[in-house]
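>>> With the sequence up front, the predicted model follows.
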Amino acid sequence: WAATTSKKLRAVRVKNAKEGKNGMSHAPYGYTLGTDEKRTAVIDEEAANIVRRIYDMRLAGSSYRAIARALTDEGIPNPTAYYTRLDGRKSVRRNLGYWTTRTVSEILSNPTYTGRMTQHLTTRFSYKNHKVLNVPENEHVVKENAHAAIVDRDTWDKVQAMRTSVSRGRADKENR
């Protein structure tokens, strides 16, 4: 009985994704989940301005480390600290409020910021085995223009080209 229920739930999640319903538990930094039936992502201007700034800094040649350091030095709360401040709940994660290169990298590689909603990236093998499996890319559910974009497509493409072409070496004398 549990096995069939599990299969049905997985099928419903995929069906909802194909219908354009947002299945995320929380929105990416820069967005909030809408209250409409599809839970369409809505731009949170305060955080969206930081996302735009991160893209602009990267286009200007700043490294992930330099971006993270600049945001931390200016006292801008990282995504976890920002959402903790908004909803008032204490985060289960230990959060010192620092921006990390990983956080910057995740923001720069997330296609959600162009208005694209990508779902069904992972699945579970079964209700007994909780191992997370990556779904092949050709089976991902992608909806273009699913919500308002924070970053235009041209900026996105330029940053992605930089991400693939830049070598990852040691910091130079200016810690870039």
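Yes, it's here. Please read all numbers here as calculations on a predicted model, not as lab measurements.

>>> rest of the way, CA atoms for contacts and neighbours
OK.

>>> In this protein, where's the longest helix?
helix 2-18 (DSSP state H).

>>> which helices and strands does that helix pack with?
Helix 2-18 is packed against strand 141-143, with contacts defined by 3 or more CA pairs under 8 Å, 6 or more residues apart in numbering; DSSP states H and E.

>>> pLDDT (mean, whole number) over the strand it packs on?
Mean pLDDT, computed over strand 141-143, is 72.

>>> on that earlier part again, so for the longest helix of the chain, mean pLDDT?
For helix 2-18, the per-residue pLDDT averages 72.

>>> and it, C-alpha only, in PDB?
C-alpha atoms of helix 2-18 as PDB (Å, rounded to 0.1, in the frame of the first residue of the first chain):
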ATOM      1  CA  ALA A   2       2.800   2.400   0.900                       C
ATOM      2  CA  ALA A   3       4.600   1.700  -2.400                       C
ATOM      3  CA  THR A   4       1.600   2.600  -4.500                       C
ATOM      4  CA  THR A   5       1.000   5.700  -2.500                       C
ATOM      5  CA  SER A   6       4.600   6.800  -3.000                       C
ATOM      6  CA  LYS A   7       4.400   6.200  -6.700                       C
ATOM      7  CA  LYS A   8       1.200   8.200  -7.000                       C
ATOM      8  CA  LEU A   9       2.700  11.100  -5.000                       C
ATOM      9  CA  ARG A  10       5.700  11.200  -7.300                       C
ATOM     10  CA  ALA A  11       3.400  11.100 -10.400                       C
ATOM     11  CA  VAL A  12       1.400  14.000  -9.000                       C
ATOM     12  CA  ARG A  13       4.500  16.100  -8.400                       C
ATOM     13  CA  VAL A  14       5.700  15.500 -12.000                       C
ATOM     14  CA  LYS A  15       2.200  16.300 -13.300                       C
ATOM     15  CA  ASN A  16       2.000  19.500 -11.300                       C
ATOM     16  CA  ALA A  17       5.400  20.600 -12.500                       C
ATOM     17  CA  LYS A  18       4.300  20.000 -16.100                       C
END
